[in-house]
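S.K.: generate coordinates for the sequence data below:
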Amino acid sequence: METAHVESLPSRAPTDRLDDQVRQVCDAVGGFIEYWGFKAILGRIWTLLALRVEPMTQVEIAEFLDVSRSLVSGAMSELTKRGLVRATSNHRSTPYEAVVDIWPSISDVLRSREWMLIESARVALEAAIEEVELAPAGLPARYQADRMRFLLRMTELAQAFLRLLIGIRVPRKLEGIGDWLKSSAKLMQGLRELR
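M.R.: Residues are numbered from 1 along each chain as shown. Here you go, the predicted structure:
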């Protein structure tokens, strides 16, 4: 019985395997960032720079991630503006490094985007409650005012939680978390009473 001659493939260098793993990490973080409404490339680049020992130029980033230099250039402008990366010098092809303290950027997004979404819901609920309360007596109720008030309490609790998150400066203790937990308990009690 003859055995087939199989050429052994050269094994990949450990650095190549590690680079592949880092690309997967960059892609995973990019997907997470994209889920929150940002461009995946922002998460991919920031992650790469955060994991690297040495800063990287835009050309090196583009080659590593296998993307266009123009995509990297636009992303670097946005990351720099958000305070997530910084140039290590002033020359044209300067290397960049990640700013690892990302909490200021996260709190800016929470303040400008999520706060406004919750605030618009709160204002709409207050207006609806006011209309229910101003409705002439004797008319059949079409909407449950108690549930509107409950939803209003939920939005106020969400705002209190968001205010707590925005105010946290990592790595400070989670001061005020006890008050938030008490508010959460009151909300849950209100939920039970609606049944």
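
S.K.: make it CA atoms for all contacts and neighbour counts henceforth
M.R.: Will do.

S.K.: pLDDT value on the most centrally placed residue in the chain, please?
M.R.: Closest to where the C-alpha atoms of the chain average out (Cα atoms, centre = their mean) is W36, at 5.4 Å. Looking at W36, its pLDDT is 85.

S.K.: quick one: find the helix or strand in this protein with the lowest mean pLDDT.
M.R.: helix 177-194 (a mean of 63; mean pLDDT, DSSP states H and E).

S.K.: give me the phi and psi for I61.
M.R.: phi -60, psi -50 (degrees, to the nearest 10).

S.K.: and it, how far from Y96?
M.R.: To Y96, I61 is 10 Å away according to Cα to Cα, to the nearest Å.

S.K.: who touches both of these two?
M.R.: Shared contacts of I61 and Y96, defined by Cα atoms under 8 Å, 6 or more residues apart in numbering, are absent.

S.K.: low-confidence ranges, this protein, go.
M.R.: 1-12, 169-195 (pLDDT under 70).

S.K.: helices along that one, start to end?
M.R.: 14-35, 40-51, 58-65, 69-81, 103-109, 115-134, 145-167, 177-194 (DSSP state H).

S.K.: could you export these as JSON lines, including distance to S89 and mean neighbour count?
M.R.: Shown next, in JSON lines, are the helices of the chain (distance: least, Cα to Cα, whole Å; neighbours: other Cα atoms under 10 Å):
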{"stretch": "helix 14-35", "distance to S89": "25", "mean neighbour count": "15"}
{"stretch": "helix 40-51", "distance to S89": "16", "mean neighbour count": "22"}
{"stretch": "helix 58-65", "distance to S89": "13", "mean neighbour count": "18"}
{"stretch": "helix 69-81", "distance to S89": "13", "mean neighbour count": "16"}
{"stretch": "helix 103-109", "distance to S89": "22", "mean neighbour count": "15"}
{"stretch": "helix 115-134", "distance to S89": "36", "mean neighbour count": "14"}
{"stretch": "helix 145-167", "distance to S89": "31", "mean neighbour count": "17"}
{"stretch": "helix 177-194", "distance to S89": "41", "mean neighbour count": "13"}
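
S.K.: now the ones you listed as a markdown table including distance to A87?
M.R.: Shown next, in a markdown table, are the helices of the chain (distance: least, Cα to Cα, whole Å):
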| stretch | distance to A87 |
| --- | --- |
| helix 14-35 | 20 |
| helix 40-51 | 11 |
| helix 58-65 | 10 |
| helix 69-81 | 8 |
| helix 103-109 | 17 |
| helix 115-134 | 31 |
| helix 145-167 | 27 |
| helix 177-194 | 37 |
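
S.K.: closest to H91 out of these?
M.R.: Counting by Cα to Cα, H91 lies closest to helix 58-65 out of the helices of the chain; the figure is 12.4 Å.

S.K.: mind giving me the packing neighbours of the closest one?
M.R.: helix 69-81 (3 or more Cα pairs under 8 Å, 6 or more residues apart in numbering; DSSP states H and E).

S.K.: what does the helix it packs on contact?
M.R.: With Cα under 8 Å, 6+ apart, helix 69-81 has contacts from 41-42, 45-46, 58-59, 61-62, 85-86.
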